[in-house]
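Enquirer: No letters, just coordinates:
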């Protein structure tokens, strides 16, 4: 009789153990399903050409329509803001910063991740994000930079390049799913946002290879506009510098909201590659700029 009682107890404890194991396995399976990563997929729209209007019928120098398509080495900076509730009005719980580089054929992710883990709630359980806001930037003067707080922000490689390059943002995309996001497929469309441009183009005509420096109190660069700082303006100490291309053109991109005085300085490298002053010119413009317009300053 004693042996039978022991066997019964063993059977009972084994049954309880199997139930516990089964329960744990179900929890693990459920948690594994909840831990499914959020997948990001991007397609990139066409490059929007400047499609400028000339400010004069007189041909000055060698006209140039500028960049008309994506080129090898071009980079796009993308921010994916993720929210735990099904709304994008709150502060995002996470920002994923991504960089894409074009190799002449396809866009490749060269920074960041296209696979994002769900977050853990206060009870330690994995939860899916329920909303996302995606913004793409073409900003060749900037890069993602990690701060001391661990957050990434856009920072310039060289602040004196501001104004010498085109810059614009894609149309923002927002996605909401109260059940939780699993896959996000986004097309970054720049054409609708940037046709016409939200700024003008200033073409300085000089000699190939000349170093051209531009100043102008009240000028707002295309980069600042793309970042949402359309009221940020140049002060007396602000300037941008670029070398004239093979056609003798030096380009600047931005806008001005009232009359402005531009000053253009031309330097040329001597035989030992030291800049030699050539000339300087001031130009008073009485009217504010027109978006999509191309202006010319002849420095020949």
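Expert: Nice, I can see it. Remember, it's a predicted structure, so these values are computed and weren't measured experimentally. Numbers count the residues shown, from 1 in each chain.
Enquirer: Looks to me like residue 160 is in a helix.
Expert: Yes: secondary structure of residue 160 (DSSP: H, G, I helix; E, B strand; the rest coil): part of a helix.
Enquirer: need the contact list for it.
Expert: By CB atoms under 8 Å, 6 or more residues apart in numbering, the contact list for residue 160 reads 239-241. Backbone N, C-alpha and C define where each C-beta goes, glycine included.
Enquirer: Next, residue 46: phi, psi?
Expert: With angles defined as degrees, to the nearest 10, residue 46 sits at phi -70, psi 160.
Enquirer: For it, which non-adjacent residue is closest in space?
Expert: Of all residues not flanking residue 46 in the chain, residue 191 sits nearest, at 6.4 Å (CB to CB, 6 or more residues apart in numbering).
Enquirer: if I read this right, residue 188 contacts residue 78, doesn't it?
Expert: Yes: with contact defined as CB atoms under 8 Å, residue 188 and residue 78 form a contacting pair (7.2 Å).
Enquirer: When the two are compared, which one has more neighbours?
Expert: The residue with more neighbours, out of residue 188 and residue 78, is residue 78; 24 against 21, by other CB atoms under 10 Å.
Enquirer: That one bridge partners, please.
Expert: For residue 78, the beta-bridge partners are residue 98, residue 136 (DSSP bridges).
Enquirer: Isn't it up against residue 98?
Expert: Yes: between residue 78 and residue 98 there is a contact at 4.3 Å, judged by CB under 8 Å.
Enquirer: shared neighbours of these two, which are they?
Expert: Taking CB under 8 Å, 6+ apart as the criterion, residue 78 and residue 98 both touch residue 112.
Enquirer: quick one: which of the contacts of residue 160 has the most company?
Expert: Result: residue 240 is most packed of the contacts of residue 160 (other CB under 10 Å), 26 neighbours.
Enquirer: Spatially, what comes nearest to that residue if we skip its sequence neighbours?
Expert: Among residues not flanking residue 240 along the chain, residue 163 sits closest, at 3.8 Å (CB to CB, 6+ apart).
Enquirer: Neighbours of that neighbour, how many?
Expert: Residues lying near residue 163 (other CB under 10 Å) number 28.
Enquirer: Run through the residues that contact it.
Expert: So residue 163 contacts 214, 219, 221-223, 240, 252-254 (CB under 8 Å, 6+ apart).
Enquirer: could you redo these as CSV and give each row distance to residue 70, secondary structure and pLDDT?
Expert: Listed next are the contacts of residue 163 as CSV, based on distance: CB to CB, whole Å; DSSP: H, G, I helix; E, B strand; the rest coil; pLDDT from 0 to 100:
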residue, distance to residue 70, secondary structure, pLDDT
214, 27, strand, 97
219, 27, coil, 97
221, 22, strand, 95
222, 17, helix, 93
223, 18, helix, 91
240, 24, strand, 95
252, 22, strand, 95
253, 17, strand, 95
254, 22, strand, 95
